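Visitor: Give me coordinates for this.
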Amino acid sequence: MSVETEEKHKTIFLVEDNKADIRLIQEALKKSSVPHQVVAVRDGMDAMAYLRQQGEYAHAPRPDIILLDLNLPKKDGREVLAEIKADPNLKRIPVVVLTTSKNEDDIFHSYDLHVNCYITKSRNLSQLFEIVKGIEEFWLKTVTLPSE
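Guide: Presented below is the predicted three-dimensional model:
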């Protein structure tokens, strides 16, 4: 009897309003050895619709990890984080805040809302690639993520 050990593609859900940052993060993840897909939305309302599989996102795959910017149009990233962590169906999905904000209030507030990790984005391209590689190494290769 054989057992299939096909590795499941990880779904990385990127919530980022800046098109250039989306492209850079996708580019940084292209070299990943972990099979994955990156799904990106550009505002907080779409983020919650995707996560709750509403409307055009009715058949969206459940993300394995969420990379969340804080400063988003329509619904702020802080509100998105609060809603994710208050929702019994979503709260176990790891959320990494990936933002340019170094504001202490944002850091404390994010951890108060049970963010799994807070990372300040670098504007330096090589540093940003290192940050994304670090996220990949830890969250996609090292930790055991909940299956659903």
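Visitor: what ranges do the strands span in the protein?
Guide: 10-15, 36-41, 65-68, 95-99, 117-120 (DSSP state E).
Visitor: so what's Val34 closest to, chain neighbours aside?
Guide: Sequence neighbours aside, Leu140 is the residue nearest to Val34 in space, at 4.4 Å (criterion: CB to CB, 6 or more residues apart in numbering). Using the backbone N, CA and C atoms, a C-beta is placed for each residue, glycine as well.
Visitor: Low-confidence regions, the protein specifically.
Guide: 1-7, 148 (pLDDT under 70).
Visitor: Do I have it right that Ala60 meets Tyr50?
Guide: Yes: under the criterion of CB atoms under 8 Å, Ala60 makes contact with Tyr50 at 5.2 Å.
Visitor: what do the two both touch?
Guide: Val39 (CB atoms under 8 Å, 6 or more residues apart in numbering).
Visitor: what are the ranges of the helices in the chain?
Guide: 19-29, 44-51, 77-86, 104-112, 125-135 (DSSP state H).
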